[in-house]
Each structure stands twice: as structure tokens, then as C-alpha cells.
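*Asks:* Provided below for reference: sequence and predicted model.
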Amino acid sequence: MANPIVHFNSLKVVATLVVLSVLACSEAKFKPDIGKQTAHKVLANHSLFIAGRKANEDMSFAFLPNSALQTLTLETNPLGTTVYKQIERPWIVDEFIQGHRGDEVKEDFTIATLDKLDLLVVVDNSSSMGSFQEKLSAGLKPLLSHISNTDWQMMVTTTSALRKKNPSNPSEILVTYGCPRINASDSTDKAVITRQDYLQNASAVITQFGWKVRSGENGDPIEHGLLASTSALKGECGDEQKTWTRSDSHKAVLMLTDEENCGSDPDQNCDMAGDSKPEFFLQEAPKGTQFFALLHDKDRYAECSDEGYIRKPDDYRSVIAQTGGLEGNICAGQYDSMLEAISSNMHPVARKSFTLGFNPESADVRVLVDGLVWNGAFQISGRELVITDVLPVGAKTLSVVYRHNAVPMSSEVTLSKKSDQETITVLVNRQPLGASEYSWMGNKLLFKSEPKELSRIEVRYREIQNLPRAFDFSKEALLPTVGVSIDAVPTKDFQLISDGNLQVILNEAPKDGSQIVISFETESTRILSYQSLDFAAGDVRAIKAVDAESGDQLAVKASDGKLYFNKNDVVKGRRVNVSYDLAPKSNELKLDLKQLPIEGSLNIQVSESGQQCAQQMSLSGTNLSFPCASDDLGRLQISYDYVTGIDSSFRLSGTFTQWADWIVKVNGIQTQTYSREQNVISFPGLNFASDTEIEVEVWETMILPLEK
């Protein structure tokens, strides 16, 4: 198959256009939609081929009276080669993370605050409460703003009763208040949320709090707020066997409701139940419990609309006043400021003991008071930090900076496999280390300087194993001609083994993935015949060949315009002088070229004394005739091109879309008598002349948007 623009004589002018990048789409799936675009034809490729393949002959002679001297260069065909690729052991990457002195954390505590706080949140879940629940569900952070460093815990309940059958008497329905909200679809949710839960996973606790507060609007229409509060403070669902509050804690209730205790409609009350009055809470709740509430009152809060309420939430207000709590506006646009105020009004008590979130590394604890380093005495026992010295008067905030959960640090790592140390790369935080920055002990890598804490250490290497050094090659190879290269670099660092299979044994195994090329000559590699002038019969009395450099004589035979050498004498690039002893003859030299020169390619060069004779030279077929004796020409150089074969298949460079238009011409006449497979044009069954021209144009469609 011919390649483009290689078979043409000196009279042909050929141009090739590079395929535009926008058209080089070899795997197009859909024809472009040009309904709202303009299409332009673009010449993507123009190639000209000549059917005949050609070769060149170049001969040089020097003529003397009754003799001629031809100088030629011995050649070989391309060397035989055997190519190997060295095996590639897989890369192993061992990763290590340096230890650390602990995660640093800073915890702030209000110096005058609560030691332990049990907070109950009671949510009205009757109709019309959805929007209020939604606002409170986002209020955990402001609610904790002033109590976050207390040992707090929290439970959420509703103003409605839980009703279920009595296991002992299925016909009896048990009604209980103060049951905790627990999300059955969240395996981590539980009745009581603690400060430790919040420290370990604040986002999860915020989500759980939001779900508990968003208790819906399908609860009881008569809200038993005080009953639910006192029942929950006694225990889960009022069960004192399931108490969650602590005997030594400060207790507080936060109520969210848009109605009175026991409802606000004329037909709603709970007088007969006994929980309708403030005294019920004051008698039943633990002593010292504070009551806070976000309440509805259209006369007090302009944001609250009149929804037909006939009573005020005075019972709740009475409890608030008698327990030192605060009232807030349930109709406000957001609750953050009210919740912060409620958080700050939970009664503080003096303290010097602070519970940290984690067990600190005791050797690395710093205490600050109101942002300044404090050098007073303190003690640490587990997570408890106790101030044993006098704090500054008026101090408000105590900060503890410490580390926890330390991981031991090391200056060595142990690799997972036995490593080939010549392949090792060591990186610390993605920066490579020099070989002088570490050493080895067995399969342990020892750092000269301990990597900084939390450094990422990567060791990249190949596992140690013997790489091949022996490689077979052709039995036809002539051993003296064998050469070896590794990654294109010749080497003599090898031995040849000819016992059985021929092998190259390299003294050192090539590196992973190296290309090993063994090159050699064979008997068929050497070119033994060379073109000569075919003198007329009887003109040549003797032929002699000698090495142009050493003068050593070489065996040579002449036959039918060819010179034949012994294979042992043929070495690539060897210059040989061949002398012809010519018989005396008439003043006419006749020579047979053996191949028919392509028209216009024959070039004759002679000495100055023979130029007139050369101008009268004639060519008939392959026969040359000079109207003079050979020695009149002096030096004679003959070069010409000749046809070695004729192609009928031609390959274009580039890649084209399936919508390209192809125009094919043979000797200037467009034809459809061809076949095409991708970018190859073929003319099966046609016999071209050697000078037949095949011209191919490929036109692509370029899509452009319409101009506005």
C-alpha cells in the first residue's frame, strides 16, 4: 500500500492540506443539525499519488586505457532483532500518619454558673402549633448559650397524654403524661440528651432536638401543661422508677404553648382533675424548679392575632413569677434573643470545679481567666479540673486549653514488604526526602529527624526479587555480529552463551520496564549482489576487488550486470574498489543498465575530456551507447530511477467524518470505480501504468451559526 506523496517524479508538484481540528472527529454519532446554522465546505485533504514505486541506482567508474575502476559500498539488510521488555514489579505504596501530642481543644466556662442542670422542654402539640414548633426546633444553640458548660441534660415531652391498654386488664386504657419524645427511626436517639452527647456530635444532637420539638398538631385539644411538666419531672411518663433528673441538680422547665393550661375555649378546663391551678405545679414539682414559657397573648404581644381566646395564660404566668422564670412571646419572628435571655436567667451558683469534654494530657493544660493566662493552682482528676487557688475578683470566664487522645510519635516505620532499596522514594507531606535523611535497618526505615506530628508519610518501592538477566535470540544469528542495547543505549556488559539456545547473559539485570534489544546479522542479512555496468561480451578480461582502506583483496564474480561477493566479506559500509581489465576495442562503449530508467531520471556525469562524447550518448531501452572509447570518458557516474512495482491501494493521512465528500481522479478524470475503507482508497482489478496519477480530495462540512 502506497503512502501519500512519495511516488512522483521531479515534474510533479504536490500539495497536502492539514485536516482542520474541528473536523477531526473519528467517532461522530449524530449528523449535525444545520437547520439554524450555515454549512461551508472546507478542503480537508488533497493528496496526489503516483502508482509506480521507484528505486534508485547510482554507479561510479573511473576509466583508463584498457581498464575501469568502480567504487561501491557494501550494504546489509536491516539487522535481525529480538526485543524484550524487562518485567515490571508492581509499585507498593505504604502510607503512615505520624502520631501527635493530642487534638487541641479550648473550652470556655462561665465561672459563676450551674454545676448540674436538668432541663425539661414541654411542647404544645395541639392544632395551630406547627409554625411555633418550627421556630423553637432551631433554637438549641441560643438555649444553651449561657448553660453550655454546665453538666446539663434535657428531655422533651408534650402537653398530650399517652394512651395504651393496661397489660393486666386489656379493657382498661391507661392515660399517662410526661412521656419523652423518642425517634424510633433514629437508633442513636434516646429519651434524655446530655452535654456529653453534644460534645461528641453536636450536629446529631441539634437534629434530634429539632425532631423532638416538631411534635405535630394532632395532640389533645385540652393541653395539660402543668400536669405534663410535673409528671415528666418525676420520671419518664411519671414513673418514679425511671427518674432522669438528679437529686443534686438545678431543674428548669421551658413551656411552648399558644393556649392556657387546660385549654382556652369556653368549654375547656380541667378543674375536676386538680391540675388547673398554679399551686399544682408548686406542690408537685421538685423544690427550686424554675418555670420559663413562650406564651400567646394578643393584648401583650402585637404579633399575636385574636383567635377567639377568652382567657389569658395567667396560670403559667403565676408559676413563672413564683419560680423566678421568664416569659417570652411565642408570636415573635424568631426566638434566639428570648432563648438566650432564658438561658442567662437560670439561677447560678458559685463553683470552682469544671468538667472537661475529654481526659486531658495533664502535662499540657493551660488555664486562662477572661482571656489572660492564669498561673494559679489547679488539680486534674480524669476529666475534672478543680481550682485550688483564688480566682480574680469579678472574673467571668475560665478557659481551659488542653490536648487529648494523644497518639505516640515515632522516628521509624516498618514496610509491609521486603523492599528493593534502589527503587525507594520517601515523601513526607508530599515532599521527597533525600537519601541522606533516612537509613535502613532490615525492613525498617529510620528517619534522621522525627517527622512532625500528623505528618503523612508515603514510602513507594518495589518488592525485592531477582529480575531476569538471560535472554534468548535467533539461532540464525552470526555471533560476532551480536549487539545489545538497553533503553537505546548500547552496552558491552554481557556474555554470549551458545550451548543449546543462543542467549545473552547481562552482568547486571536491567531495571523494571527497560527495553532490551538484541541485534544481529544472519546469512540472509548480507547483500551479496551489486549492480555493475554490463560490458559487451568479451570486453572484460579480468575483474579484481580490494578493500578501499586496507587493500585486502576480496573474492568477486561478475554475471549479467551484477557483481557477487562472498558473504564473509560483506560488512555494512565497507568501501570496495572493483577494477575491470578491458580488452582493446573500437571507439564505441556499449553498456546495459538492466533496468529501464524512468523518463527524465537518467543523469550522466563524466570528466571534462569526455563531455562531448557524453552529449552524443544514446539510450535504447536499457542499452547505453557512447560514440567513443571508454578511456575517453575518464570518470563516469551514472544515476537513475526505475520502477520496482505498481500500487493499486493508497492511504491518506488524517481522520475524516462519515459525512465527508470524496473526489477521486485518475489521470485527471473523476471516477467512481474505487472502494474505500476509512482513509484507504483501493482500485481492485485495475492495472495501472507506472506513471498513473491518482488525485484525491476530501471535503468536510463546517457548521457556523447564522449571523444576527
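*Replies:* That came in fine, so what should we check first?
*Asks:* low-confidence stretches in the stretch 451-600 of the chain?
*Replies:* Within the stretch 451-600 of the chain, the ranges that satisfy pLDDT under 70 run 534, 536-537, 585-586.
*Asks:* show me where it has helices.
*Replies:* When secondary structure is read from DSSP state H, counting those that start in this stretch, the stretch 451-600 of the chain shows no helices.
*Asks:* over to the stretch 101-250 of the chain?
*Replies:* Per DSSP H, counting those that start in this stretch, the stretch 101-250 of the chain carries helices over the ranges 130-137, 140-144, 195-200, 202-213, 225-234.
*Asks:* report all helices and strands that the first one contacts.
*Replies:* Right, helix 130-137. Judged by 3 or more Cβ pairs under 8 Å, 6 or more residues apart in numbering; DSSP states H and E, helix 130-137 is in contact with helix 202-213, strand 250-256. For the C-beta atoms, the positions are set from N, CA and C on the backbone; glycine is no exception.
*Asks:* excluding its backbone neighbours, what's nearest R195?
*Replies:* Using Cβ to Cβ, 6 or more residues apart in numbering and skipping residues adjacent in sequence, the residue nearest R195 is W152, 5.0 Å away.
*Asks:* who does the one you found form a beta bridge with?
*Replies:* Beta-bridge pairing for W152 (DSSP bridges): L117.
*Asks:* burial count for H40?
*Replies:* Applying other Cβ atoms under 10 Å, we find 9 residues neighbouring H40.
*Asks:* endpoints of stretch 352-366, how far apart?
*Replies:* By Cα to Cα, to the nearest Å, the extent of stretch 352-366 from end to end equals 16 Å.
*Asks:* right, I mislabeled it, should have said stretch 72-82
*Replies:* End-to-end distance of stretch 72-82 (Cα to Cα): 30 Å.
*Asks:* number the residues from 811 up from this point.
*Replies:* From this message on, residue numbering opens at 811, which makes the last subject stretch 882-892.
*Asks:* hmm, who's touching that stretch?
*Replies:* 869-870, 1281-1284, 1286-1287, 1291, 1327-1332, 1334-1337, 1340, 1373, 1375, 1379-1386, 1388 (Cβ atoms under 8 Å, 6 or more residues apart in numbering).
*Asks:* which SSE is immediately downstream of the strand or helix carrying L1446?
*Replies:* Per DSSP states H and E: L1446 is located in strand 1445-1456. Reading on from strand 1445-1456 to the C-terminus, the next helix or strand found by DSSP H and E is strand 1459-1461.
*Asks:* quick one: mean pLDDT for that next one?
*Replies:* When pLDDT is averaged over strand 1459-1461, the result is 88.
*Asks:* so what touches the next helix or strand after it?
*Replies:* Downstream of strand 1459-1461, the first helix or strand assigned by DSSP H and E is strand 1471-1476. Contact with strand 1471-1476 is made by 851, 1480-1482, 1484, 1486, 1491, 1493, 1498, 1502-1510, as judged by Cβ under 8 Å, 6+ apart.
*Asks:* repeat that with 10 Å
*Replies:* 851, 853-856, 858, 861, 1460, 1462, 1466, 1480-1484, 1486, 1489, 1491, 1493, 1496, 1498, 1502-1511 (Cβ atoms under 10 Å, 6 or more residues apart in numbering).
*Asks:* what do you get for stretch 1262-1270?
*Replies:* 901-913, 1216-1217, 1219-1220, 1223, 1225-1226, 1229, 1233-1243, 1248, 1255, 1257, 1261.
*Asks:* C-alpha coordinates for stretch 928-936, PDB please?
*Replies:* What follows is stretch 928-936, C-alpha atoms only, in PDB (Å, rounded to 0.1, in the frame of the first residue of the first chain):
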ATOM      1  CA  ASP A 928     -31.800  19.200  84.300                       C
ATOM      2  CA  LEU A 929     -33.900  21.000  81.700                       C
ATOM      3  CA  LEU A 930     -37.400  19.800  80.700                       C
ATOM      4  CA  VAL A 931     -38.900  21.200  77.400                       C
ATOM      5  CA  VAL A 932     -42.700  20.900  77.200                       C
ATOM      6  CA  VAL A 933     -44.200  21.400  73.700                       C
ATOM      7  CA  ASP A 934     -47.900  22.000  73.000                       C
ATOM      8  CA  ASN A 935     -48.700  19.600  70.200                       C
ATOM      9  CA  SER A 936     -52.400  20.600  69.600                       C
END
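*Asks:* before we move on, back to that, could you export the strand holding L1446 as CSV, CA atoms only?
*Replies:* The C-alpha trace of strand 1445-1456 is given here as CSV (Å, rounded to 0.1, in the frame of the first residue of the first chain):
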residue,chain,number,x,y,z
ARG,A,1445,35.3,9.4,-14.8
LEU,A,1446,31.8,8.1,-15.4
GLN,A,1447,28.9,8.4,-12.9
ILE,A,1448,25.5,7.1,-13.8
SER,A,1449,22.4,7.5,-11.6
TYR,A,1450,18.7,6.8,-12.5
ASP,A,1451,15.4,5.9,-11.0
TYR,A,1452,13.5,2.8,-12.1
VAL,A,1453,10.1,1.2,-11.3
THR,A,1454,10.1,-1.7,-8.8
GLY,A,1455,6.4,-2.3,-8.6
ILE,A,1456,2.9,-0.7,-9.1
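*Asks:* and it, which residues are buried?
*Replies:* Residues L1446, I1448, Y1450, D1451, Y1452, V1453, I1456 are the ones in strand 1445-1456 that count as buried (16 or more other Cβ atoms under 10 Å).
*Asks:* can you name the residues that contact the fifth one?
*Replies:* The neighbourhood of Y1452, defined by Cβ under 10 Å, 6+ apart, consists of 862, 864-867, 1403-1408, 1411-1412, 1432, 1500.
*Asks:* just the buried members of the residues you listed?
*Replies:* Of all these considered here, the ones buried according to neighbour count by 16+ other Cβ under 10 Å are G862, K864, E867, L1403, K1404, Q1405, P1407, I1408, L1412, S1500.
*Asks:* tell me which element N1497 falls in.
*Replies:* Assignment of secondary structure by DSSP H and E places N1497 within no helix or strand.
*Asks:* what's the neighbour count on it?
*Replies:* 9.
*Asks:* my read: it touches I1456, true?
*Replies:* Yes - here N1497 reaches I1456: they are 7.8 Å apart, a contact under Cβ atoms under 10 Å.
*Asks:* intersection of neighbour lists for those two?
*Replies:* The contact sets of N1497 and I1456 overlap at A861 (Cβ under 10 Å, 6+ apart).
*Asks:* can you check the distance spanned by stretch 1008-1016, start to finish?
*Replies:* 8 Å.
*Asks:* before we move on, back to that, same list (the buried ones among the contacts of Y1452) but as JSON lines, adding distance to E1033.
*Replies:* JSON lines is the format used below for these (distance: Cβ to Cβ, whole Å):
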{"residue": "G862", "distance to E1033": "106"}
{"residue": "K864", "distance to E1033": "107"}
{"residue": "E867", "distance to E1033": "115"}
{"residue": "L1403", "distance to E1033": "121"}
{"residue": "K1404", "distance to E1033": "120"}
{"residue": "Q1405", "distance to E1033": "116"}
{"residue": "P1407", "distance to E1033": "117"}
{"residue": "I1408", "distance to E1033": "112"}
{"residue": "L1412", "distance to E1033": "119"}
{"residue": "S1500", "distance to E1033": "109"}
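*Asks:* so of the residues you listed, which ones are in strands?
*Replies:* Judged by DSSP state E, strands contain the following of the buried ones among the contacts of Y1452: G862, K864, E867.
*Asks:* show me what stretch 993-1002 is in contact with.
*Replies:* Stretch 993-1002 is contacted by residues 928, 963-967, 989-992, 1007, 1011, 1014-1015, 1017-1018, 1021-1022, 1042, 1046-1047, 1052, 1054-1055 when judged by Cβ under 10 Å, 6+ apart.
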